[in-house]
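Q: Make a model of this:
(one chain, ligands or ions: 1)
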Amino acid sequence: MSKHHQFKHNIIAMIYDFDGTLTPQPMQEYTILPKLGVAPQEFWHRVKQEARETGGDEMLTYMRLLVDKLETKQQHLNRSDLCSLGARIKYFPGVESWFERIAKYVRKRGGGNIRLENYIISAGQKEILEGVAIREHFTAMFASEYFFDHHDRATWPNILINDTIKTQYIFRINKGLEAPINEYMPEDQRRIPFSNIVYIGDGMTDVPGMTVTKKNGGYAIAVHRPRIPKSIATCRKLLEARRIDFYAPANYSTGRVLEKRVQLILDQIIAQVLYQREIFSARLSLG
Ligand SMILES: [Mg+2]
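A: Modelled structure (predicted):
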């Protein structure tokens, strides 16, 4: 069968934010800040304050202040140091077995006809993410990156990802990572249609990502830190503004609310994909 005679929209993409979504704290608080002996609260306060005063981007300010800190502490952290720090990250309950469980669910419900791909889009640091325990479950991870000079020293931001830039990566996943991002591509030729995309995030920084996904026919879920009123209030606000389909406590364990709601969305997508697949082969049989 030629490739034009195969139904291609059989991939489901689950796109995860990282900090606060899969982990209780930002990734830097398990890794680079303790390594440098820096108190996180004080450091984040300084990042926010400087970004406000200079009108700068918070992530860029963070990246600059971190390089300054390395300099004052006369420390050297190369790419592989940062990567090995990734192993120190702690996750919400159930995260480590979640991806296997969900993949199995999709395989079973889709009768082996549907594939699941996981992605991370994070404003955090790619060098740290490369070393996380759950790395193997992701097709691709997009995050901010440093430029490393010939001494393998982080000197400059090479890639910056913030709230709105996240949406660019959602379109990349939608069109296929190889496709030129700004070229017109009809919906039916895109690798993963939005109707097969689920975005999971935890807060206001995910609003552009959730909005783009939902407005184009996909799904969005928010998670909150269990029993933390401020975190629950954010989720309620997102639901009220119809930016998400559901929210749930960030407990990824078997049988919890989050798993049930994600399965419900997956059931809906799987039914739709199998239906489209049937229509496709019925039309194909006409010759
Ligand atoms: Mg987050």
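Q: Stretch 145-165 and the ion, are they touching?
A: No: contact of stretch 145-165 with the ion (CB under 5 Å from the ion) is absent, the minimum separation being 9.7 Å. For every residue, glycine as well, the C-beta is placed using N, CA and C.
Q: Not including adjacent chain positions, what is the nearest residue to the residue of the stretch 101-250 of the chain found nearest the ion?
A: Among residues of the stretch 101-250 of the chain, the one nearest the ion by CB to the ion turns out to be Asp202. It sits 4.4 Å away. With sequence-adjacent residues excluded and distances taken as CB to CB, 6 or more residues apart in numbering, Asp202 is closest to Gly20, at 3.9 Å.
Q: pretty sure that neighbour contacts Ala222?
A: No: the criterion here is CB atoms under 8 Å, and Gly20 misses it with Ala222 at 10.1 Å.
Q: list the residues that contact both of the two?
A: When contacts are counted by CB atoms under 8 Å, 6 or more residues apart in numbering, the set common to Gly20 and Ala222 consists of 202-203.
Q: Which one's more surrounded, those two?
A: Taking Gly20 and Ala222 together and counting by other CB atoms under 10 Å, Ala222 has the greater number of neighbours (29 against 21).
Q: Where does the closest residue to that one other than its chain neighbours fall, secondary structure wise?
A: Taking CB to CB, 6+ apart, and ignoring the residues beside it in sequence, Ala222 has Tyr247 as its nearest neighbour in space, at 4.2 Å. In the assignment (DSSP states H and E), Tyr247 maps to strand 246-249.
Q: so what does that strand touch, helix or strand wise?
A: Using 3 or more CB pairs under 8 Å, 6 or more residues apart in numbering; DSSP states H and E as the contact criterion, the secondary-structure elements in contact with strand 246-249 are strand 219-224, helix 229-240, helix 257-284.
Q: Find out how far that strand is from the centre of the chain, if you would.
A: Between the mean C-alpha point of strand 246-249 and the mean C-alpha point of its chain there is a distance of 16 Å (CA atoms, centre = their mean, to the nearest Å).
Q: ok, residues contacting that strand?
A: Taking CB under 8 Å, 6+ apart as the rule, strand 246-249 contacts 221-227, 235-236, 238-239, 256-258, 261, 265.
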